[in-house]
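# can't give you the sequence, but here's the structure:
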């Protein structure tokens, strides 16, 4: 037996020795990788300009920002650090009580990254400028304009946000900001697949909310908040994917909004958007508030050279494009549903320094390829203010502000019916 067991013990000892060496080597490799990651993290923090990811997925709202955050964050498109503040709900701006003070009137704006405007200091955003203009033109009451916007949002997600959060603040006016650049596609799961809340049309034409299951990857969420290396890698990866898609000539679904021939998924997206706007109006007006759709222009609508790029990204409908089609199409929806709608494209084209998206153009970052600059935010606020106080030129009747001020109970839950219909 000893002659048999000795080789066995020798082989066992050899395997144990190999296992120990492997464990040591793996440990050394792991330590080396960790040290390299620490060095890269430090290098990016020292030389890089990447900020933390502050938008987080929410199982009820789809997406919001980190609650109760205040701090300076580098925003690449602005090329500088911006002081950002997100309140207890996870949206930009100060905390306000749910119960509206007696002499206060509230305007709530729901939208996407164009409205949240993280590349603009809070005091220069459209929302804050509109609040200043409202208090200046109608000083007998105090006006509060509240920003309920989050990047990559959609009309359906904003409807859920209104139900769950916005309505609790008893707004007198709710403004649905519709961004031409991506909202139609973002409304429809057939055209996009982002991490947001989607609705679909049931067989009877009614709206049905699709299940939303945000990722529970806590490690990823922690890295988004605390690792500049991780966020830099994600941004670089997204840029590479965008370049590959552009090189392959792939269709950008969002640009189909300019197509005048509505068939297939595009027709479905427009019908879905119509139903979402109608439902939004019903729910806002059932609480005694006024509902408005504000159409935010897209860079190619303002700058001719950017418009020339749209046919290359519009797929099969490239020969049937109209840069004014989104406003006309939304206008038909709003007229059918009795919803006031404000357009801004003409004012932005008039204010643009040129018809070219040159870097010096002042209304959009990167000459129309990104979000509004400070000047763009100020212009949007002036256009929206004029609409609220002067009324819709295509509709008769008093302006929204006159309706609100003439109805002391407006904004209270369950108060009456809207005068807009």
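It's in. Computed from a predicted structure; not experimentally measured.
# Now do the contacts for residue 125.
Shown in contact with residue 125 (C-beta atoms under 8 Å, 6 or more residues apart in numbering): 92, 117, 147, 377. No exception for glycine: its C-beta is placed from N, CA and C like everyone else's.
# Scan the residues you listed and report the most crowded one.
The most crowded member of those, judged by other C-beta atoms under 10 Å, is residue 117 (28 neighbours).
# Please list all residues in contact with that one.
Contacts of residue 117 (C-beta under 8 Å, 6+ apart): 92, 125, 126, 127, 149, 371, 372, 377.
# Past the helix or strand of the chain with the lowest mean pLDDT, which element shows up next along the chain?
Ranking every helix and strand in the chain by mean pLDDT, DSSP states H and E puts helix 228-247 at the bottom, with a mean of 49. Once helix 228-247 ends, the next helix or strand along the chain (criterion: DSSP states H and E) is helix 264-286.
# what's downstream of that following helix, the next helix or strand?
Taking DSSP H and E as the definition, the helix or strand right after helix 264-286 is strand 290-296.
# for that following strand, packing partners?
strand 173-179, helix 264-286, helix 325-337, strand 341-343, helix 374-390, helix 400-405 (3 or more C-beta pairs under 8 Å, 6 or more residues apart in numbering; DSSP states H and E).
# Please state the mean pLDDT value computed over the helix or strand following it.
As assigned by DSSP H and E, the chain's next helix or strand after strand 290-296 is helix 299-302. Averaging pLDDT along helix 299-302 gives 94.
# again with stretch 390-399
Taken as a whole, stretch 390-399 has an average pLDDT of 79.
# Pull out the buried positions in that stretch.
391, 392, 399 (16 or more other C-beta atoms under 10 Å).
# so of the contacts of residue 117, which ones are in strands?
Counting by DSSP state E, these place residue 149 in strands.
# Kindly reformat the contacts of residue 117 as JSON lines containing distance to residue 355.
JSON lines is the format used below for the contacts of residue 117 (distance: C-beta to C-beta, whole Å):
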{"residue": "92", "distance to residue 355": "32"}
{"residue": "125", "distance to residue 355": "27"}
{"residue": "126", "distance to residue 355": "24"}
{"residue": "127", "distance to residue 355": "29"}
{"residue": "149", "distance to residue 355": "29"}
{"residue": "371", "distance to residue 355": "20"}
{"residue": "372", "distance to residue 355": "18"}
{"residue": "377", "distance to residue 355": "22"}
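# Throw the contacts of residue 117 into a markdown table and include distance to residue 76 and pLDDT, thanks.
Output for the contacts of residue 117, formatted as a markdown table (distance: C-beta to C-beta, whole Å; pLDDT from 0 to 100):
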| residue | distance to residue 76 | pLDDT |
| --- | --- | --- |
| 92 | 18 | 98 |
| 125 | 18 | 98 |
| 126 | 21 | 98 |
| 127 | 22 | 98 |
| 149 | 19 | 98 |
| 371 | 11 | 94 |
| 372 | 15 | 95 |
| 377 | 18 | 97 |
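# Which one of the contacts of residue 117 is nearest to residue 196?
residue 149 (13.2 Å; C-beta to C-beta).
# Spatially nearest residue to that closest one (excluding sequence neighbours)?
residue 115 (3.5 Å; C-beta to C-beta, 6 or more residues apart in numbering).
# before we move on, back to that, so which of the helices and strands packed on strand 290-296 gets nearest residue 298?
Here strand 173-179 is closest among the helices and strands packed on strand 290-296 (C-beta to C-beta), at 7.1 Å.
# buried set for that closest one?
Within strand 173-179, the residues that count as buried by 16+ other C-beta under 10 Å are 173, 174, 175, 176, 177, 178, 179.
# who does that strand pair up with?
Using DSSP bridges, strand 173-179 pairs in its sheet with strand 104-111 (parallel), strand 290-296 (parallel).
# between the longest one and helix 264-286, how big is the angle?
Using axes from the mean of the first three to the mean of the last three C-alpha atoms, to 10 degrees, the inter-axis angle of strand 104-111 relative to helix 264-286 is 170 degrees.
# now do the shortest one
Orientation check (the same axes, to 10 degrees): strand 290-296 against helix 264-286 gives 140 degrees.
# Show the average pLDDT along strand 290-296.
Mean predicted confidence for strand 290-296 is 97.
# okay, now the residue nearest to residue 277 when sequence neighbours are not counted: neighbour count?
Distance criterion C-beta to C-beta, 6+ apart; nearest residue to residue 277, sequence neighbours excluded, is residue 333 at 5.8 Å. A count of neighbours around residue 333, defined by other C-beta under 10 Å, yields 19.
# just residue 404 next, same as before
24.
# Any idea what residue 73 is bridged to?
residue 82.
# Show me where the stretch 51-200 of the chain has its strands.
Here the stretch 51-200 of the chain has its strands, by DSSP state E, counting those that start in this stretch, at 55-58, 62-65, 69-75, 80-86, 104-111, 142-149, 173-179, 199-201.
# Now render the ones you listed as CSV, adding distance to residue 340.
Putting the strands of the stretch 51-200 of the chain into CSV (distance: least, C-beta to C-beta, whole Å) gives the following:
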stretch, distance to residue 340
strand 55-58, 30
strand 62-65, 26
strand 69-75, 33
strand 80-86, 30
strand 104-111, 13
strand 142-149, 17
strand 173-179, 10
strand 199-201, 23
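# Determine which stretch of these is the most buried.
Using mean count of other C-beta atoms under 10 Å, the stretch among these with the largest mean neighbour count is strand 173-179, at a mean of 26.
# follow-up on the earlier one: surely the residue nearest to residue 149 touches residue 126?
Yes. Counting by C-beta atoms under 8 Å, residue 126 is a contact partner of residue 115 at 6.9 Å.
# any shared contact partners between the two?
Shared contacts of residue 115 and residue 126 (C-beta under 8 Å, 6+ apart): residue 109.
# Compare the two (neighbour count), which wins?
residue 126 (32 against 28).
# Quickly note the distance from that one to residue 391.
Per C-beta to C-beta, to the nearest Å, residue 126 is found 20 Å from residue 391.
# go on, residue 6?
Counting by C-beta to C-beta, the gap from residue 6 to residue 391 is 100 Å.
# same question, residue 180
23 Å.
# What of residue 264?
Distance, residue 264 to residue 391, by C-beta to C-beta: 38 Å.
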